[in-house]
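Student: Got a predicted structure plus its sequence, pasted below:
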Amino acid sequence: MMEPVEGEIYIDNIDTRTIHLKALRSRIAIIPQQPVLFSGTIRSNMDPFGSFPDDRIWDALKAIHLSEKIQALPLKLETPIHENGKMFTLAERQLFCIARAILMPTKIVVFDGKLKSYNLS
(Lines give C-alpha, C1' and ligand atoms only; values in the text may rest on other atoms or scores of the structure.)
Protein backbone atom coordinates (compact mmCIF):
# COMPACT_ATOMS: atom_id res chain seq x y z
CA MET A 1 0.00 0.00 0.00
CA MET A 2 1.41 3.33 -1.08
CA GLU A 3 0.59 7.01 -0.71
CA PRO A 4 -2.16 7.90 -3.21
CA VAL A 5 -1.14 9.82 -6.29
CA GLU A 6 -4.61 10.79 -7.38
CA GLY A 7 -8.24 10.05 -6.58
CA GLU A 8 -9.96 9.58 -3.27
CA ILE A 9 -10.78 6.65 -1.04
CA TYR A 10 -13.16 7.13 1.85
CA ILE A 11 -13.61 4.58 4.60
CA ASP A 12 -16.43 5.28 7.06
CA ASN A 13 -16.63 8.81 5.63
CA ILE A 14 -12.95 9.47 6.36
CA ASP A 15 -10.66 10.51 3.53
CA THR A 16 -7.78 8.04 3.69
CA ARG A 17 -5.38 10.77 2.55
CA THR A 18 -5.83 12.36 6.00
CA ILE A 19 -4.62 9.23 7.82
CA HIS A 20 -0.92 8.48 8.28
CA LEU A 21 0.01 5.60 5.96
CA LYS A 22 1.37 3.47 8.83
CA ALA A 23 -1.90 3.83 10.75
CA LEU A 24 -3.92 3.03 7.63
CA ARG A 25 -1.84 -0.08 6.91
CA SER A 26 -2.37 -1.30 10.47
CA ARG A 27 -6.14 -1.18 9.95
CA ILE A 28 -6.29 -3.07 6.65
CA ALA A 29 -5.49 -6.77 6.39
CA ILE A 30 -4.05 -7.90 3.08
CA ILE A 31 -4.09 -11.52 1.91
CA PRO A 32 -1.47 -11.69 -0.85
CA GLN A 33 -1.62 -14.09 -3.76
CA GLN A 34 1.98 -15.01 -3.00
CA PRO A 35 1.85 -15.33 0.80
CA VAL A 36 4.87 -14.41 2.86
CA LEU A 37 6.07 -16.05 6.04
CA PHE A 38 8.98 -14.32 7.73
CA SER A 39 12.03 -15.82 9.39
CA GLY A 40 11.23 -16.39 13.02
CA THR A 41 8.66 -18.66 14.60
CA ILE A 42 5.05 -19.50 13.92
CA ARG A 43 4.17 -17.26 16.88
CA SER A 44 6.15 -14.29 15.54
CA ASN A 45 4.54 -14.74 12.12
CA MET A 46 1.07 -14.80 13.63
CA ASP A 47 1.71 -11.96 16.09
CA PRO A 48 4.82 -9.96 15.11
CA PHE A 49 4.34 -7.35 17.86
CA GLY A 50 3.51 -9.75 20.70
CA SER A 51 0.07 -8.20 21.12
CA PHE A 52 -2.05 -11.31 21.63
CA PRO A 53 -2.21 -14.07 24.24
CA ASP A 54 -1.73 -17.67 23.16
CA ASP A 55 -5.44 -18.49 23.30
CA ARG A 56 -6.21 -15.82 20.68
CA ILE A 57 -3.46 -17.19 18.41
CA TRP A 58 -4.78 -20.74 18.84
CA ASP A 59 -8.33 -19.53 18.12
CA ALA A 60 -7.13 -17.98 14.86
CA LEU A 61 -5.33 -21.22 13.96
CA LYS A 62 -8.49 -23.19 14.73
CA ALA A 63 -10.49 -20.87 12.49
CA ILE A 64 -8.23 -21.69 9.54
CA HIS A 65 -8.05 -25.40 10.41
CA LEU A 66 -4.31 -25.49 11.08
CA SER A 67 -4.35 -25.82 14.87
CA GLU A 68 -4.07 -29.63 14.81
CA LYS A 69 -1.08 -29.50 12.46
CA ILE A 70 0.69 -26.92 14.63
CA GLN A 71 -0.17 -28.83 17.84
CA ALA A 72 1.50 -31.91 16.32
CA LEU A 73 4.80 -30.06 15.82
CA PRO A 74 7.29 -30.60 18.68
CA LEU A 75 7.79 -26.86 19.29
CA LYS A 76 4.20 -25.86 18.43
CA LEU A 77 4.03 -22.03 18.22
CA GLU A 78 7.80 -21.79 18.72
CA THR A 79 8.49 -23.85 15.56
CA PRO A 80 11.08 -21.97 13.46
CA ILE A 81 10.09 -20.68 10.04
CA HIS A 82 12.84 -20.84 7.39
CA GLU A 83 12.93 -20.14 3.65
CA ASN A 84 9.58 -18.31 3.58
CA GLY A 85 7.86 -21.25 5.28
CA LYS A 86 8.58 -23.87 2.61
CA MET A 87 7.63 -26.51 5.19
CA PHE A 88 4.03 -25.43 4.55
CA THR A 89 2.13 -25.64 1.28
CA LEU A 90 1.20 -22.49 -0.63
CA ALA A 91 -2.38 -22.89 0.57
CA GLU A 92 -1.26 -23.25 4.19
CA ARG A 93 0.88 -20.12 3.90
CA GLN A 94 -2.17 -18.26 2.60
CA LEU A 95 -4.13 -19.59 5.56
CA PHE A 96 -1.50 -18.13 7.89
CA CYS A 97 -2.09 -14.74 6.25
CA ILE A 98 -5.83 -15.16 6.85
CA ALA A 99 -5.13 -16.06 10.49
CA ARG A 100 -3.09 -12.85 10.88
CA ALA A 101 -6.06 -10.95 9.45
CA ILE A 102 -8.35 -12.64 11.99
CA LEU A 103 -6.09 -11.40 14.80
CA MET A 104 -5.93 -7.82 13.51
CA PRO A 105 -8.44 -5.22 14.72
CA THR A 106 -9.67 -4.48 11.21
CA LYS A 107 -12.90 -4.34 9.27
CA ILE A 108 -11.26 -4.39 5.84
CA VAL A 109 -9.60 -7.39 4.23
CA VAL A 110 -8.05 -7.04 0.78
CA PHE A 111 -7.45 -10.18 -1.26
CA ASP A 112 -4.67 -9.71 -3.78
CA GLY A 113 -5.17 -11.76 -6.90
CA LYS A 114 -4.85 -11.73 -10.62
CA LEU A 115 -7.79 -10.44 -12.56
CA LYS A 116 -8.63 -12.37 -15.67
CA SER A 117 -10.41 -10.97 -18.66
CA TYR A 118 -12.95 -13.18 -20.36
CA ASN A 119 -14.52 -12.65 -23.75
CA LEU A 120 -18.11 -13.76 -23.30
CA SER A 121 -19.22 -13.15 -26.90
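Tutor: Received, thanks. Numbers count the residues shown, from 1 in each chain.

Student: Quick one: end-to-end length of stretch 14-24, please.
Tutor: Terminal residues of stretch 14-24 are spaced 11 Å apart (CA to CA, to the nearest Å).

Student: Please apply the same query to stretch 71-88.
Tutor: Distance between the boundary residues of stretch 71-88 (CA to CA) amounts to 14 Å.

Student: And residue 82, what's its pLDDT?
Tutor: In this model, residue 82 is scored at 89, pLDDT.

Student: give the contact list for it.
Tutor: Residues counted as contacts of residue 82 (CB atoms under 8 Å, 6 or more residues apart in numbering) are residue 39. C-betas here are computed from N, CA, C, even on glycine.

Student: if I look at it, how far off is residue 49?
Tutor: According to CB to CB, to the nearest Å, residue 82 and residue 49 sit 21 Å apart.

Student: Likewise for residue 57?
Tutor: Distance, residue 57 to residue 49, by CB to CB: 12 Å.

Student: Of those two, which one has the most company?
Tutor: Set residue 57 next to residue 49 and count neighbours by other CB atoms under 10 Å: residue 57 wins out with 21 against 7.

Student: and the nearest residue to that one once chain neighbours are set aside, what are its phi and psi?
Tutor: Counting by CB to CB, 6 or more residues apart in numbering, residue 46 is the residue found nearest to residue 57 once chain neighbours are left out, at 5.1 Å. For residue 46, the backbone dihedrals (degrees, to the nearest 10) come out as phi -80, psi -40.

Student: ok so, going back, what's the overlap in contacts for residue 57 and residue 49?
Tutor: Listed as contacting both residue 57 and residue 49 by CB under 8 Å, 6+ apart is no residue at all.

Student: Test my guess that the residue nearest to residue 57 contacts residue 95.
Tutor: No: look at residue 46 against residue 95 with CB atoms under 8 Å: they stay out of range, at 11.1 Å.

Student: quick check, distance from the lowest-mean-pLDDT helix or strand in the chain to the centre of its chain.
Tutor: Ranking every helix and strand in the chain by mean pLDDT, DSSP states H and E puts helix 21-26 at the bottom, with a mean of 81. Relative to its parent chain, helix 21-26 has a centroid offset of 14 Å by CA atoms, centre = their mean, to the nearest Å.
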